[in-house]
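Student: next come a sequence and a model predicted from it.
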Amino acid sequence: MASPSATSVHDFAVKDARGNDVDLSTYKGKVLLIVNVASQCGLTNSNYTELSQLYEKYKDQGFEILAFPCNQFGAQEPGSNEEIVEFACTRFKAEYPIFDKVDVNGDKAAPIYKFLKSSKGGLFGDSIKWNFSKFLVDKDGKVVDRYAPTTSPFSIEKDIKKLLGVA
């Protein structure tokens, strides 16, 4: 939920995988990487592996990954929230928050995704084209960059470090 005048991701509240409300303002002062994830995608192994490693490396320096499962691309995220969390946490040791399954495109797109897309249109306009599209958000909740599904999380590390102020 957010007002139409939302100016940052901190203006939104979302549901976590257990259905609890999470106010994204709790992430003020952190650098965020917001990703739409899927368990059965060709990009799953590399993305989840690299995301977990980046998170491990920078979580104590103010970095957070927000993962939003989405089943809009090839029905590659068919599981329940519980199954998705178990998959990510067991198989890939994901320690970052995994939220409620959302739509990222169309009339039912989650408000946070409408905001992300309007902040940084991609190569194809506003649509998210596939699983593992990534949005980099600064400490003030402003979207600073958008990366394609095929962009390796490791290749974003220099941008993350810059926003964190880490040499």
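Tutor: Great, that's in hand. Numbering: from 1, shown residues only.
Student: and Y48, helix, strand or coil?
Tutor: At Y48, secondary structure determined by DSSP: H, G, I helix; E, B strand; the rest coil is helix.
Student: excluding chain neighbours, give the residue nearest to it in space.
Tutor: In this structure, Y48 finds its nearest non-sequential neighbour in F92, 3.9 Å apart by Cβ to Cβ, 6 or more residues apart in numbering. Just so you know, the C-beta spots here come from the backbone N, C-alpha and C atoms, and that holds for glycine as well.
Student: do the same with K117
Tutor: Nearest to K117 is D126, by Cβ to Cβ, 6+ apart, at 4.4 Å.
Student: do you know the pLDDT at the one you found?
Tutor: pLDDT for D126: 74.
Student: could you number the chain from 49 rather than 1 from now on?
Tutor: I'll keep to 49 as the first residue from here, and by that count the last item is D174.
Student: next, work out how far apart it and T55 are.
Tutor: 18 Å (Cβ to Cβ, to the nearest Å).
Student: doesn't H58 make contact with K190?
Tutor: No: with contact defined as Cβ atoms under 8 Å, K190 does not reach H58; the gap is 9.5 Å.
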